[in-house]
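# could you work out the structure for the sequence below:
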Amino acid sequence: MDVRGYGSLPELLVDALRRHPSATLLVEAHRKREVARRTAADVLKEARAFAAYLQSLGVAPGDRVAMLMSNQSRWSISALGIFLAGGVLVPLDFKLSGPEQAALLAHSSPRAVVIEYPEHRKHDGYDVPLVVVSEAPDGIELSGAAQVVRWEDHPAAATPAPVPAVGRDDLATIVYSSGTGGRPKGCMLTHGAYLAQLDALLERFPMAPGDRYFSILPSNHAIDFMVGFVGPFVCGATVVHQRTLRPELLRWTMQRYEITHMSVVPLILEAFERQVREKLDDLSGWRRAAVDAVIAANQRLTERGPRPEVSRRLLQPIHAAFGGRLKLLICGGAYTPRSTAEFFYDLGIPVVIGYGLTEACTVVSVHGLEPWRADGVGGIVAGVEVRIHEPDADGIGEVCVRGPTVMQGYLDDPEQTAEVLREGWLHTGDLGFLDASHHLHLVGRSKDVIVTPGGKNIYPEDIEHAFRDLDVEELAVFAANTLWPGRNLEGELLVAVVRPTDGVAFGPALAAANRKLPDFKRLGGVIAWDEEFPRTASMKLKRKALAAEVGEQRARGDLRSV
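This next block holds a predicted model:
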């Protein structure tokens, strides 16, 4: 569809669903059992009924409606219903604690919140006029706000009032960017921002009826909102939800529904890589040599671009493990090792690497497929401008973004808005450079830069990449002064915080990798850490939080030499 002629998301989505009424739009599984399947016509009917329900309960055009649900069909139906009622959607992270959720609800001041029962139980009370609870057990008395009702009580055939006139400049969502510490950052995004973003993405990665997208990132996250909700709805593709996201059920779901598209974070992608490599390492000598020869043949045949049918025939057992129909993996949210992306491409499974942030709707840059590249984070998407602010001698500076996808600002916070939106440009805080072909490369966050006594700028991600093959659960690099503030920076050490793999001694391998680094990048010490690293909903490392935890629990004397 040509989205440029539409003025709002509900206008586009309703028209799209009417074009593909019999297409299977939503499939939901719980463990190894399918529990729901809906066509586009089913979804539109239910979303319109839910919109009428909200209107009957007092939700008016322009009211904010928050959502706190795990990935499921009702997330998408509720979101569409909120738009059809003329509401502004405030999608919140269901993985946050009750107090964290309450803080964001207080900040966004919604007229209503649509919430899954397990999330509802986190709260003693709400400062929200209306609470709509989904999947509450029969016989349970619901309380906690001025008005609490059940999601299931909406009349199945109700017709909402006509959607009020909504323009491209009107708010569609308020989305909270990664992290919950400090002042909340509610990004105000317009209908025009989403329409411009969708137009740019469909130009490179169109979907179609018959494609099946597996939604595993939280649906409130910018990537899944666009690729696991808006995009498939517009294109008539199927969205598959799995209510239990244990590793063994990820693979079962991919195989059961022959998934074609999936968005992952690097941690998941690297877990997939380990699984495949372990299977290959288990092969006997001649079998492994035969597989390596086939992989080499596939490399030659896909030099100019993916050839999925050829790759599936050559490497059928590997593709079968991922469902047999996987067209591409979309990876973002954190640094993606180039070697991992190249590993999957050589197997005939392209990994699309991109860069984006909530403040710019979703995607700023992304790699295409012809030709496919694994270096950097791709070319700038249509309609968006990128410039490097105050580049140094190597061309590295702050990445700044301008275009229709950039937010209007942070909700009720002109001070923080003024810090990042200056003269029409969004200052991202990310450091990078543009190469000769105008592809963007990132090197780190400006606030995470480590400056050596010799004046060298060190980016933690750069050093962490050097230890990507180490058999450890997690590894992060800091300046010692970040872990134990107040020391003199002279002679500052670089420190790796490592969460080991059970039963694996990582010291010798880490020392060997460390020796290969330039002197100014070498680690000076290691801290062993036995807890999972704190991460955002999109699995980005919370460096500041980890540094604070390590500094509180480990003294400088706990440093081990490398």
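
# can I see the domain layout of this protein?
The record, using automatic domain parsing to delimit domains, assigns the chain the ranges 3-22+39-190, 265-446, 449-558.

# so which of the ones you listed gets nearest residue 257?
Each of the domains of the chain has some distance to residue 257 by C-beta to C-beta; the shortest is domain 265-446, at 7.1 Å. In short, each C-beta sits where N, CA and C put it, glycine included.

# circling back to that earlier point, just the domains of the chain: most buried one?
For the domains of the chain, ranked by mean neighbour count under the definition mean count of other C-beta atoms under 10 Å, the leader is domain 3-22+39-190 at a mean of 19.

# tell me where the stretch 101-250 of the chain has strands.
Along the stretch 101-250 of the chain, the segments classed as strands by DSSP state E, counting those that start in this stretch run 112-116, 130-134, 147-150, 171-176, 186-190, 212-215, 238-242.

# of those, which is nearest residue 256?
Relative to residue 256, the nearest member of the strands of the stretch 101-250 of the chain by C-beta to C-beta is strand 238-242, separated by 8.8 Å.

# chain center to that closest one, what's the gap?
Between the mean C-alpha location of strand 238-242 and the chain-wide mean there is a distance of 16 Å, by C-alpha atoms, centre = their mean, to the nearest Å.

# contact partners of it?
For strand 238-242, the surrounding residues in contact (C-beta atoms under 8 Å, 6 or more residues apart in numbering) are 23-30, 71-73, 75-76, 210-216, 228-229, 232-233, 249-250, 253, 257, 259.

# of those, grab the buried ones for ChimeraX.
Here is the ChimeraX command that picks out the buried ones among the contacts of strand 238-242, judged by 16 or more other C-beta atoms under 10 Å:
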select :23,24,25,26,27,28,29,71,72,73,75,76,211,212,213,214,215,216,228,229,232,233,249,250,253,257,259
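
# can you flag which of the contacts of strand 238-242 belong to helices?
Judged by DSSP state H, the subset of the contacts of strand 238-242 located in helices is 73, 75-76, 232-233, 249-250, 253.

# for these, which two are the farthest from each other?
233 and 249 (24.5 Å).

# contact partners for residue 229?
With contacts defined as C-beta under 8 Å, 6+ apart, the neighbours of residue 229 are 75-76, 79, 215, 219, 239.

# backbone phi and psi for residue 16, please?
In this entry, residue 16 is assigned phi and psi values of phi -60, psi -40 (degrees, to the nearest 10).

# I meant residue 82, not that one.
In this entry, residue 82 is assigned phi and psi values of phi -60, psi -40 (degrees, to the nearest 10).

# could you do residue 510 as well?
phi -70, psi -40.

# do the one 3 residues further on as well
Dihedral angles phi and psi of residue 513 (degrees, to the nearest 10) take the values phi -70, psi -40.

# what of residue 470?
Backbone geometry at residue 470, expressed as degrees, to the nearest 10, gives phi -70, psi 140.

# residue 146 versus that one, what's the distance?
Residue 470 sits 54 Å away from residue 146, taking C-beta to C-beta, to the nearest Å as the criterion.

# how about residue 236?
Between residue 236 and residue 146 the distance, using C-beta to C-beta, works out to 40 Å.

# one more: residue 247?
If you measure residue 247 against residue 146 using C-beta to C-beta, the figure is 42 Å.

# per-residue pLDDT, residue 323?
Taken from the predicted model, the pLDDT recorded for residue 323 is 95.

# list the contacts for the residue nearest to residue 153 when sequence neighbours are not counted?
With C-beta to C-beta, 6 or more residues apart in numbering as the criterion, residue 153 has its nearest non-adjacent residue at 7.6 Å, and that residue is residue 53. Residues in contact with residue 53, defined by C-beta under 8 Å, 6+ apart, are 81, 132, 153-155, 158.

# what lies in contact with stretch 122-130?
With contacts defined as C-beta under 8 Å, 6+ apart, stretch 122-130 is touched by 57-59, 66, 97-98, 101-102, 105-106, 110-113, 144-149.

# restricted to helices, list these.
Helix and strand membership here follows DSSP H; of those, those in helices are 98, 101-102, 105-106.

# show the contacting residues for the closest residue to residue 542 other than its chain neighbours.
Take residue 542 and drop its neighbours on the chain: the residue closest to it by C-beta to C-beta, 6+ apart is residue 534, 4.3 Å away. Contacts were defined as C-beta under 8 Å, 6+ apart; by that measure residue 534 touches 541-542, 545-546, 549.

# now do residue 534 against residue 218, distance only.
Residue 534 sits 16 Å away from residue 218, going by C-beta to C-beta.

# what's the strand ranked longest in the chain packed up against?
Using DSSP state E to define each element, the chain has its longest strand at strand 425-434. The elements that strand 425-434 packs onto, with contact taken as 3 or more C-beta pairs under 8 Å, 6 or more residues apart in numbering; DSSP states H and E, are strand 385-389, strand 397-402, helix 414-420, strand 440-445.

# and residue 298, which of the ones you listed is closest to it?
Residue 298 sits nearest to strand 440-445 of all the helices and strands packed on strand 425-434, at 27.1 Å, using C-beta to C-beta.

# how far off centre is that closest one?
Centre-to-centre, strand 440-445 and its host chain are 18 Å apart (C-alpha atoms, centre = their mean).

# what do you get for stretch 530-541?
Averaging C-alpha positions (C-alpha atoms, centre = their mean) puts stretch 530-541 13 Å from its chain's average.

# let me know the average pLDDT across that stretch.
The pLDDT scores in stretch 530-541 average 85.

# next one: stretch 393-406
On average, the pLDDT along stretch 393-406 is 95.

# any idea how far it is from the chain center?
Between the centre of stretch 393-406 and the centre of its chain there are 21 Å (C-alpha atoms, centre = their mean).

# now do stretch 128-138
Mean C-alpha position of stretch 128-138 versus that of the full chain (C-alpha atoms, centre = their mean) differs by 27 Å.

# endpoints of it, how far apart?
Distances were taken as C-alpha to C-alpha, to the nearest Å; on that basis the terminal residues of stretch 128-138 are 23 Å apart.

# and stretch 120-134, by the same measure?
Distance between the boundary residues of stretch 120-134 (C-alpha to C-alpha) amounts to 9 Å.

# now do stretch 365-373: distance to the chain's middle.
For stretch 365-373, the distance from its own C-alpha centre to the chain's C-alpha centre is 19 Å (C-alpha atoms, centre = their mean).

# can you check stretch 118-138 too?
Between the centre of stretch 118-138 and the centre of its chain there are 26 Å (C-alpha atoms, centre = their mean).

# adjust the sequence numbering to begin at 56 for everything that follows.
Okay, using 56 as the starting number, the last item reads as stretch 173-193.

# figure out the length between the terminal residues of it.
End residues of stretch 173-193 are separated by 14 Å (C-alpha to C-alpha).

# residue 500 touches residue 483, doesn't it?
No. Look at residue 500 against residue 483 with C-beta atoms under 8 Å: they stay out of range, at 9.0 Å.

# who's in contact with residue 161?
Contacts of residue 161 (C-beta under 8 Å, 6+ apart): residue 182.

# again, only using 6 Å
Counting by C-beta atoms under 6 Å, 6 or more residues apart in numbering, residue 161 touches no other residue.

# next: the one 5 residues further on.
The contact partners of residue 166, taken as C-beta under 6 Å, 6+ apart, are 114, 118-119.

# ditto for residue 290
Residue 290 makes contact with 262-263, according to C-beta under 6 Å, 6+ apart.

# over to residue 568?
Here residue 568 is in contact with 521-522 (C-beta under 6 Å, 6+ apart).

# against residue 129, how distant is it?
The spacing between residue 568 and residue 129, counted by C-beta to C-beta, is 47 Å.

# for residue 458, same thing?
Distance, residue 458 to residue 129, by C-beta to C-beta: 33 Å.

# equivalent analysis for residue 303, please.
For residue 303 relative to residue 129 (C-beta to C-beta), the value is 25 Å.

# need the contact partners of stretch 187-204.
Applying C-beta under 6 Å, 6+ apart, the set of residues contacting stretch 187-204 from outside is 129, 169-172, 175, 180-181, 183-186, 205-206.
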